[in-house]
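Undergrad: task: produce atomic coordinates for the following.
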Amino acid sequence: MMKKITPLVDFQRIETFWDPKVVAEFNGQEMRLARLKGEFIWHSHKDEDEVFVVIEGELEIEFRDQTVALSGGDVLVIPRGVEHRPIARNEVKVMLIEPASTINTGEVTSHLTKKTLDKI
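TA: Down below sits the predicted model:
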């Protein structure tokens with residue numbers, strides 16, 4: 001059965017920050033929605049590229065040599081192995097597109113690590 005995805009409606013079902021939820025799976029990839037607020041941890045993903053699609057709000061992604069500012073409608077691809085840290089000074093709604101094997105904190109384990117993601 002085909003399922004339409006309406007991110008702004010699905011975000012209403014997400015109550016916590018930095019807790020991605022899977023809304024679609026395809027070709028070994030997942031489309032994840034997350035509400036972000038505050039600073040995440042420095043991390044990288046050794047084997048996976050990561051795509052950030054900002055749906056609403058303003059997000060900064062820090063790299064060791066620069067900071068990239070994103071706002072609603074912007075997309076950023078972070079290549080595998082590149083260390084980064086997302087910062088949301090106010091609430092941001094993002095869609096992440098990445099391999100299903102991707103752990104949100106990469107090779108770093110912290111209280112923010114989500115090894116199993118809920119589906120909505």
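Undergrad: per-residue pLDDT, the most centrally placed residue in the chain?
TA: In the chain, the residue lying closest to the centroid (Cα atoms, centre = their mean) is Leu96, at 4.2 Å. Looking at Leu96, its pLDDT is 98.
Undergrad: so what's it up against?
TA: By Cβ atoms under 8 Å, 6 or more residues apart in numbering, the contact set of Leu96 is Pro20, Glu30, Met31, Arg32, Leu33, Ala34, Glu50, Val51, Phe52, Val53. Where C-beta positions appear, they are placed from N, C-alpha and C, glycine not excepted.
Undergrad: buried among those residues? Need that as a selection in PyMOL.
TA: The PyMOL selection below is limited to those of the contacts of Leu96 classed as buried (16 or more other Cβ atoms under 10 Å):
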select buried, resi 20+30+31+32+33+34+50+52+53
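Undergrad: can you pull out the helices in the protein?
TA: 7-10 (DSSP state H).
Undergrad: which helix or strand in it has the lowest average pLDDT?
TA: Ranking every helix and strand in the chain by mean pLDDT, DSSP states H and E puts helix 7-10 at the bottom, with a mean of 94.
Undergrad: redo the contacts of Leu96 as a markdown table? Include pLDDT and distance to Arg85.
TA: What follows is those, written out as a markdown table (pLDDT from 0 to 100; distance: Cβ to Cβ, whole Å):
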| residue | pLDDT | distance to Arg85 |
| --- | --- | --- |
| Pro20 | 97 | 16 |
| Glu30 | 97 | 21 |
| Met31 | 97 | 22 |
| Arg32 | 98 | 18 |
| Leu33 | 98 | 20 |
| Ala34 | 98 | 15 |
| Glu50 | 96 | 13 |
| Val51 | 97 | 17 |
| Phe52 | 98 | 12 |
| Val53 | 98 | 18 |
